[in-house]
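Novice: Structure here, sequence nowhere to be found:
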């Protein structure tokens, strides 16, 4: 009866879910345990359950078992953190004999979206959103702002990752750093390594700094004690029994195992810190260290972390933390899923989403939401420090507020928020990352182009446009000269201007430019299109055309040689290295100039048959 009541209460919470398309299924699947939850709103995890992986033959039966208590829910989106490298659709787990296709599992569960990410990528993504109460600091040190963070954690294996702050938010490292070679620091650790060499030729950190590794340390130290005629009764123990034997029974061998284990972990953490330059701190997750509680504060971990010879001072400044909040990977995998699904919440604008979700936020985040609603323009224009001051919160709270809405950070939130208000969008450029989904890279390409167009609009030289429209409207003949990517722009212009009954030609062979230009005369117009404005054959043709009495309109960089030689320059000053990369945004801006001139010609109407302007040829004009 009590179980049924709990289910009914959960259903009631689901009915009030903040997500318009219902709860989202989250999972953290390790080699030993799988943890599940239904996320009903940002930061709200319901129906949390922990299952033993040994009880199931594969991932689908495991999922079916969890979902059987929620058969009345229609789930659309899910994201799983898996203790495994993730590359492509097919996943073969390292520490468990499970393999599966992501898309096949998605179809099996009837989901629209299923994301599979590495478990420590998910954990790393969660870290920027943690509060002080989610962590236990070990030793001294203070985190630097806007700095790299390192993450590692022993469980069935040894997960390693990092978090790198960028202008767009945070980038996580898909690392397999747990498989670097183990390096002993003293005679005892060398003896343990020799013991491990009996079984494996390559002994990585994960072989020893993990749950199974703790058992190896236990057996190696027991044998070492026996060899020194200090016989120890060492019954077989699993990691949980070793930790309990040390902390609850004060068993000398178990205590030595924990001390050795924590020292090794401190060495691995120090190596990660100096490798990444992790002045934002080193964070320890996984299932083993949190069980040690406050004993870990007295363990050799921190002393070993700082024992780096000439770099001891360097490491003393870096803080180390144990992640103590329950199920921390849920926060990270939820953030990754939210980023993937952003813009699909069902609200018409981001302002509506903020108003809708405000009651679900923490009190501090609600103060940020109130500031955004009451002073949206100020939030768009001010840096994070000023926003935090005006909302009377910390800067991390501002980041958490953005993450609660499904964004990586403040920069991404500002762009989306600006686009949901009337007015212009801040100019920015977001780098596409190799880890981006098709949805993400599509959004970035569009956002980059929209931002560039709006900046281009604000910098237009209207007088140059008026002059170009006048020249083309009165021209006896118009010829386009362009090579490479600019040929598409020239062909577009030829097609449009010809429809206005302007004799028009387009040349894409650089060898013909000068020959064609020498046949021109007064009243003719050359439109030369070039990103660099530095093509020798094009410059020679412009000189020939000007010498023949023709006018030249350059669509190019305003500082280029072509611009200086032309009668009028329609400037495209978007920075795009076309010598190394395909021209994309510049081409769009060049096409826009052609469209502007075409609309201007239509309005002028001098080339209409019988004096009638061809207004209907232009979609921008009403009929």
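Specialist: Received the coordinates, thanks. These numbers were taken from a predicted model, which means no experiment stands behind them.
Novice: and the closest residue to residue 52 other than its chain neighbours, what does it touch?
Specialist: Sequence neighbours aside, residue 33 is the residue nearest to residue 52 in space, at 6.2 Å (criterion: C-beta to C-beta, 6 or more residues apart in numbering). Backbone N, C-alpha and C define where each C-beta goes, glycine included. By C-beta atoms under 8 Å, 6 or more residues apart in numbering, the residues touching residue 33 are 50-53, 287.
Novice: Output the below-cut-off pLDDT ranges for the stretch 351-500 of the chain.
Specialist: 352, 377, 418-433, 435-436, 440, 458 (pLDDT under 70).
Novice: The lengthiest helix in the chain: which residues count as buried?
Specialist: Using DSSP state H to define each element, the chain has its longest helix at helix 252-276. Buried residues in helix 252-276, counted by 16 or more other C-beta atoms under 10 Å: 253-273, 276.
Novice: next one: stretch 41-54
Specialist: 41-47, 51, 53.
Novice: Please state the offset of it from the chain centre?
Specialist: Stretch 41-54 has its C-alpha centroid displaced from the chain centroid by 24 Å (C-alpha atoms, centre = their mean, to the nearest Å).
Novice: Which parts of the stretch 201-350 of the chain are helices?
Specialist: 205-208, 211-227, 239-247, 252-276, 289-292, 295-298, 301-306, 312-316, 328-341, 350-357 (DSSP state H, counting those that start in this stretch).
Novice: returning to what we had before: and the contacts of residue 33 as a markdown table, adding distance to residue 453?
Specialist: As requested, these are exported to a markdown table (distance: C-beta to C-beta, whole Å):
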| residue | distance to residue 453 |
| --- | --- |
| 50 | 51 |
| 51 | 51 |
| 52 | 55 |
| 53 | 51 |
| 287 | 50 |
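Novice: Out of those, which two sit at the greatest distance?
Specialist: Within these, 51 and 287 form the most distant pair, 14.1 Å apart (C-beta to C-beta).
Novice: okay, now residue 459: neighbour count?
Specialist: Per other C-beta atoms under 10 Å, the neighbour tally for residue 459 reads 12.
Novice: Please report how far it lies from residue 143.
Specialist: 41 Å (C-beta to C-beta, to the nearest Å).
Novice: Same check on residue 402?
Specialist: Counting by C-beta to C-beta, the gap from residue 402 to residue 143 is 19 Å.
Novice: These two: who's more crowded?
Specialist: residue 402 (25 against 16).
Novice: pLDDT (mean, whole number) over the longest helix of the chain?
Specialist: Confidence for helix 252-276, expressed as mean pLDDT, is 95.
Novice: And for stretch 584-603?
Specialist: Per-residue scores along stretch 584-603 average to 87.
Novice: now residue 128, what's its secondary structure?
Specialist: Three-state assignment for residue 128 (DSSP: H, G, I helix; E, B strand; the rest coil): helix.
Novice: can you pull the contacts of it?
Specialist: 149, 163, 170, 396, 399, 403, 409.
Novice: Which residue lies closest in space to residue 192, excluding its sequence neighbours?
Specialist: Per C-beta to C-beta, 6+ apart, closest to residue 192 is residue 220, 4.4 Å.
Novice: repeat for residue 184
Specialist: residue 190 (4.2 Å).
Novice: where does the one you found land in three-state SS?
Specialist: Residue 190 ends up helix, using three-state DSSP.
Novice: tell me, how many neighbours does it end up with?
Specialist: 12.
Novice: How many neighbouring residues does the closest residue to residue 42 other than its chain neighbours have?
Specialist: Once flanking residues are discounted, residue 42 sits nearest to residue 404: 4.0 Å by C-beta to C-beta, 6+ apart. The number of residues packed near residue 404 is 24, by other C-beta under 10 Å.
Novice: thinking residue 404 is in contact with residue 359, fair?
Specialist: No - the pair residue 404 / residue 359 is not scored as a contact, 11.9 Å apart, by C-beta atoms under 8 Å.
Novice: tell me the strands in the stretch 451-600 of the chain, going along the chain?
Specialist: 477-482, 504-507, 524-529, 551-556, 568-571 (DSSP state E, counting those that start in this stretch).
Novice: Would you format those strands as TSV with mean neighbour count and distance to residue 139 included?
Specialist: Formatted as TSV, the strands of the stretch 451-600 of the chain follow (neighbours: other C-beta atoms under 10 Å; distance: least, C-beta to C-beta, whole Å):
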stretch	mean neighbour count	distance to residue 139
strand 477-482	25	64
strand 504-507	19	70
strand 524-529	28	63
strand 551-556	27	60
strand 568-571	23	58
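Novice: could you redo those as TSV and give each row distance to residue 445?
Specialist: Formatted as TSV, the strands of the stretch 451-600 of the chain follow (distance: least, C-beta to C-beta, whole Å):
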stretch	distance to residue 445
strand 477-482	24
strand 504-507	28
strand 524-529	22
strand 551-556	22
strand 568-571	23
